[in-house]
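Colleague: Sequence first, then the predicted structure, then my questions.
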Amino acid sequence: MLVAAAVCPAPPLLVPEVAAGAAAELGDARTACSDALAVLAASRPDLLVVVGSADTPDAAGHHPQGAVGGFRGFGVAADVRLGPGDGGSRPLPTALAVGAWLLERARWGAAPLEGLAVAADLAPAACLEAGRSLAARAERVALLVMGDGSACRTLKAPGYLDERAAAFDAAAGHALAAADTAALAALDAGLARELQAAGRAPWQVLAGAAEGAGLDGRLLYEDAPYGVGYFVAAWS
């Protein structure tokens, strides 16, 4: 059963070594992520699963504890590990690597870890079913859900300006703040794809996992630096 969840943005820029001179711009987001991870630790889970989008089809699926990822593609020779152990040779996708970095930063030791990377275009019904399966994995399951909102909030955004982006992000932010699983499940996958909202599929996995759990939500951070919607939320 799902007992807690933290929702965090997944840009590599969250890692100060990647952001370099711009590291201070996401300082508030990092602080909010730390607060959300504290909620996970306080929930005393038997299992923590980090959920995020897969970079490629080959990266989709489960990643065991001890799996390694990094940010060498972003010019930083720094590796991260999803908890202790030998997770094999398949590297973590970027979203899970950022999640692993957050957990290392928080010195996570509260529960066993694993990762789940979902295809960015995974259908909502399949996302919900994946979440239900995760929630059934242990008596007390927690999720760290990595994903961004639209990438079309400004003219300089990665996806340029799209007038629909602000409304999409507002709906997502409201759903995350209220732990509204029905609203998350209703996010339009086609619109999310057009707005380059990489968080849609992971958020809908969360919606499936949280069905019937009766969790309350808090939105700890919401902003759109670089024209991309970033959210941090805690459910417990």
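Modeller: Okay, I see it. It should be emphasised that the depicted structure is a prediction, and the values quoted were computed from it without experimental measurement. Residues are numbered from 1 along each chain as shown.
Colleague: hey, let's count contacts and neighbours off CA atoms from now on
Modeller: Fine.
Colleague: check contacts around A78.
Modeller: Each residue near A78 by C-alpha atoms under 8 Å, 6 or more residues apart in numbering is listed here: G70, F71, R72.
Colleague: Longest helix in the protein, please.
Modeller: Ordering each helix of the chain by length in residues (DSSP state H) puts helix 27-42 first.
Colleague: Which single one of the contacts of A78 is nearest to V228?
Modeller: Taking C-alpha to C-alpha as the measure, V228 lies nearest F71 of these, at 19.7 Å.
Colleague: Can you list phi and psi of the spatially closest residue to that closest one that is not a sequence neighbour for me?
Modeller: Nearest residue to F71 in three dimensions, chain neighbours excluded: A78, at 6.2 Å (C-alpha to C-alpha, 6 or more residues apart in numbering). Backbone geometry at A78, expressed as degrees, to the nearest 10, gives phi -130, psi 130.
Colleague: could you list every residue that touches the residue nearest the centre of the chain?
Modeller: Closest to where the C-alpha atoms of the chain average out (C-alpha atoms, centre = their mean) is M146, at 0.9 Å. Contacts for M146 were tallied using C-alpha under 8 Å, 6+ apart; they are 7-10, 50-53, 95-96, 99, 199, 202.
Colleague: Of those residues, which belong to helices?
Modeller: A95, L96, G99, P202.
Colleague: Among these, which one is most surrounded by other residues?
Modeller: Among these, L96 has the most neighbours (other C-alpha atoms under 10 Å), with 35 neighbours.
Colleague: give the contact list for that one.
Modeller: V50, V51, G52, S53, G69, G115, L116, A117, M146 are the contacts of L96 under C-alpha under 8 Å, 6+ apart.
Colleague: repeat that with 10 Å
Modeller: Contacts here follow C-alpha atoms under 10 Å, 6 or more residues apart in numbering; on that basis L96 touches 10, 49-55, 63, 67-70, 80-82, 102, 114-117, 144-147.
Colleague: again, but for Q204
Modeller: Counting by C-alpha under 10 Å, 6+ apart, Q204 has contacts 122-131, 145, 181-187, 189, 210.
Colleague: same thing but 8 Å
Modeller: Contacts of Q204 (C-alpha under 8 Å, 6+ apart): P124, C127, L128, G131, T181, L184, A185.
Colleague: before we move on, back to that, with A36 as the reference, measure out to the residue nearest to F71.
Modeller: 24 Å (C-alpha to C-alpha, to the nearest Å).
Colleague: do A123 as well
Modeller: Distance, A123 to A36, using C-alpha to C-alpha: 27 Å.
Colleague: So which of these two has more stuff around it?
Modeller: Between A123 and A36, A36 has the larger neighbour count (other C-alpha under 10 Å), namely 25 against 14.
Colleague: Hmm, the more buried one is touching S236, no?
Modeller: No. The criterion here is C-alpha atoms under 8 Å, and A36 misses it with S236 at 10.0 Å.
Colleague: Run a quick neighbour tally on the nearest residue to A100 once chain neighbours are set aside.
Modeller: With sequence-adjacent residues excluded and distances taken as C-alpha to C-alpha, 6+ apart, A100 is closest to L82, at 5.1 Å. As a burial measure, L82 scores 28 neighbours (other C-alpha under 10 Å).
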